[in-house]
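Asks: Provided below for reference: sequence and predicted model.
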Amino acid sequence: MGVKFRRCLPTDGSTGVRLAVLIVSSAAVLAAQPHYAQYSNKLAPFVPSPQPIVERMLELASVKAGETVFDLGCGDGRVLVTAAQRFKAKAVGIEISDRLVDQTNSRIARLGLQEQVKVLKGDIREADLTGADVVVMYLMTGSNAQIRPRLEKFLKPGARVVSYAYAVPGWKPSRVDRTDEQHGHTIYLYEMPPAPAK
Ligand SMILES: C[S@@+](CC[C@H](N)C(=O)[O-])C[C@H]1O[C@@H](n2cnc3c(N)ncnc32)[C@H](O)[C@@H]1O
């Protein structure tokens, strides 16, 4: 007496089509819910970088006065404020959370940094990174992989990218900084290669 396996999926065409319609419409309903939409475009939760890490990232990227620093997912704006105040750079933050954009804009205004720092509400997967000398990221490995084509499209030769905690898959870092071995803080530094000769 052999064991009989029953097929779990319908074999006749009409039931299969109905099942496919059900799956597609359920996905559409879920995507339309604000709750799910909110998380579908989030590449990382808001977890601020510790201030010593912020300082170290900007040091490693050798930020110079007058250069432009982008923070992709700028959170509460600490990278922007440090870039402007300590490094005398211009800074642009892109952030998807309305609450964080409002909070950071108020902070920038309180500190009188409006001329140096801009905070843009938006999705970094669609961001225009033209003019960036340095890009700072604290996202996740998969998110870095999603952002990588944009960095390759927009960044000029010699621009630097610093990523806290997570590497950019497929890129070779010019430096891996383990600032605080005890707490496992790692910062990856990348430099955009020269343009290929024509
Ligand atoms: C880990 S926090 C880092 C905050 C800040 N860069 C820092 O180092 O303190 C990641 C930030 O990215 C933002 N974020 C996530 N997905 C985003 C997206 N698709 N577009 C823009 N910002 C996003 C989050 O809201 C959050 O503020």
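Replies: The structure has been received and is ready for your questions.
Asks: residues near the closest residue to the ligand within the chain, how many?
Replies: As assessed by C-beta to the nearest ligand atom, the ligand sits closest to Gly73 within the chain, at 2.2 Å. To be clear about C-beta, it is placed using only N, CA and C from the backbone, and glycine gets the same treatment. By other C-beta atoms under 10 Å, 24 other residues sit near Gly73.
Asks: any idea which helix or strand comes after the helix or strand bottoming out on mean pLDDT in the chain?
Replies: Ranked by mean pLDDT, DSSP states H and E, the weakest helix or strand in the chain is helix 34-40, scoring a mean of 48. Per DSSP states H and E, the first helix or strand lying C-terminal to helix 34-40 is helix 51-60.
Asks: Where does the prediction get shaky in the protein?
Replies: Along the chain, segments meeting pLDDT under 70 span 1-39, 180-182.
Asks: Show me the helices in it, by range?
Replies: 13-32, 34-40, 51-60, 78-85, 98-110, 141-154 (DSSP state H).
Asks: Which residues are in contact with Lys153?
Replies: By C-beta atoms under 8 Å, 6 or more residues apart in numbering, the contact list for Lys153 reads Leu129.
Asks: That one and Arg125, how far apart?
Replies: 12 Å (C-beta to C-beta, to the nearest Å).
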